[in-house]
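Asks: got a predicted model here, sequence first, then my questions.
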Amino acid sequence: MNEWIDFGSYLRERFGGRRVQKITLSAGFTCPTRDGTHGRGGCTYCNVKSFSPAFAIRQKSVSEQLREGIAFFSHKYPDMEYIAYFQSYTNTYGEVEECIRKYEEALAYPSVVGLIIGTRPDCMPDELLSYLSDLAKRHFVIVEYGVESTLDRTLERVQRGHSWATSVATIERTHRAGIIVGAHLILGLPGESREEQLAHADRLSALPITTLKIHQLQIIKGTIMAAEYLEDPSDYHLYTEEEYIELCLDFLERLRPDIVIERFVSQSPMELLLAPRWGWKNYQFTEKIRSGLRARQALANSSTKQ
């Protein structure tokens, strides 16, 4: 296959070549696996500190977080525009009026041109979906669902609190509402074989998603999974950098080619990371995946000529 569509290229096309940057926000919501609705303690792999920048502090207002986040980027690119990215926890899990107020606050902030809302597939009420459907007619809006796995046994094991069927139904429902849909997937969850992980690509390709985030399983200190791993690591295969590159290459070959890939890896803060402790940077993974695709294409072309 040729190179994938990266998220930066997708945004440049959508915004006519203008420079656009995501600003990560915390809306102060919780999750149904933390507040007792579906359980307590959250998903077994989750420590929210591992993906929240310092300026996304729950006690600060949306506007305060945007001001600090924009200040971080604007000195280098004064003409930058911004997408408010509600990332931490479940950003549709609250009173509908409160959710709408925070989205509207973000969109009212100068230079903010759209929203990305991270949430769970079991946390999209009809009333909020109707609002977002109308909003998407006037603004750039992506709803990004944490799918994490397409296998119910895995979802149960990591305490997701929803099924694959729920993910499918909610993604299709959101797409019908005219909203851009993103998905998030973790490769390497315990108990999943390599072939089962590759089969996620087949199932996701059958859904009306526009964007996809992939990253490797990371064992984060202070999580339920970290305690499980330290007690018995036998059901975990933590990829080396080289193994993970090959996995991503095989995954891409099975993924629908028009799906925009936002990322392949995630790098949690080293002070929180138990394993795997890789040495490569994100851009190095991207370049190695590009090189691998070119090598495979060259081999395929050579075989065809013979």
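Replies: Happy to help now that I have it. Numbering: from 1, shown residues only.

Asks: quick check: pLDDT value at the residue nearest to residue 169 when sequence neighbours are not counted.
Replies: Of all residues beyond its chain neighbours, the one nearest residue 169 is residue 121 (7.7 Å), with distances taken as CB to CB, 6 or more residues apart in numbering. Where you see a C-beta, it was placed from the backbone N, CA and C, and this is true even at glycine. pLDDT recorded at residue 121 is 95.

Asks: my read: residue 121 touches residue 147, true?
Replies: Yes: Residue 121 is within contact range of residue 147, at 6.9 Å (criterion: CB atoms under 8 Å).

Asks: neighbour count winner among these two?
Replies: residue 147 (29 against 24; other CB atoms under 10 Å).

Asks: and the more buried one, how far from residue 166?
Replies: Separation of residue 147 from residue 166 (CB to CB, to the nearest Å): 10 Å.

Asks: who touches both of those two?
Replies: Common neighbours of residue 147 and residue 166 are listed as residue 121 (criterion: CB atoms under 8 Å, 6 or more residues apart in numbering).

Asks: between residue 121 and residue 147, what contacts are shared?
Replies: Both residue 121 and residue 147 are contacted by 167, 171, under the criterion CB under 8 Å, 6+ apart.

Asks: quick check: which ranges of the stretch 201-306 of the chain have low pLDDT?
Replies: Within the stretch 201-306 of the chain, the segments meeting pLDDT under 70 span 305-306.

Asks: checking the nearest residue to residue 289 once chain neighbours are set aside next. Helix, strand or coil?
Replies: Spatially, and ignoring its direct neighbours in sequence, residue 289 is nearest to residue 248 (5.5 Å; CB to CB, 6+ apart). Here residue 248 is helix, with the state taken from DSSP: H, G, I helix; E, B strand; the rest coil.

Asks: distance of residue 248 relative to residue 9?
Replies: Distance, residue 248 to residue 9, by CB to CB: 18 Å.

Asks: check residue 119 too.
Replies: Noted for residue 119: a distance of 25 Å to residue 9, by CB to CB.

Asks: compare these two (neighbour count), which wins?
Replies: Of the pair residue 119 and residue 9, residue 119 is the one with more neighbours under other CB under 10 Å, namely 24 against 12.

Asks: tally of neighbours for residue 130?
Replies: So residue 130, with other CB under 10 Å, has 12 neighbours.

Asks: which residues of the stretch 201-306 of the chain fall in strands?
Replies: For the stretch 201-306 of the chain, the strands defined by DSSP state E, counting those that start in this stretch occupy 211-216, 219-220, 260-263, 273-275.

Asks: can you check the stretch 1-150 of the chain too?
Replies: Under DSSP E, counting those that start in this stretch, the stretch 1-150 of the chain gives strands at 5-6, 20-25, 81-86, 112-119, 140-148.

Asks: redo those strands as a markdown table? Include distance to residue 278.
Replies: Listed next are the strands of the stretch 1-150 of the chain as a markdown table, based on distance: least, CB to CB, whole Å:
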| stretch | distance to residue 278 |
| --- | --- |
| strand 5-6 | 21 |
| strand 20-25 | 22 |
| strand 81-86 | 24 |
| strand 112-119 | 24 |
| strand 140-148 | 20 |
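
Asks: nearest to residue 258, of these?
Replies: Closest approach to residue 258 among the strands of the stretch 1-150 of the chain is made by strand 5-6 (6.9 Å; CB to CB).
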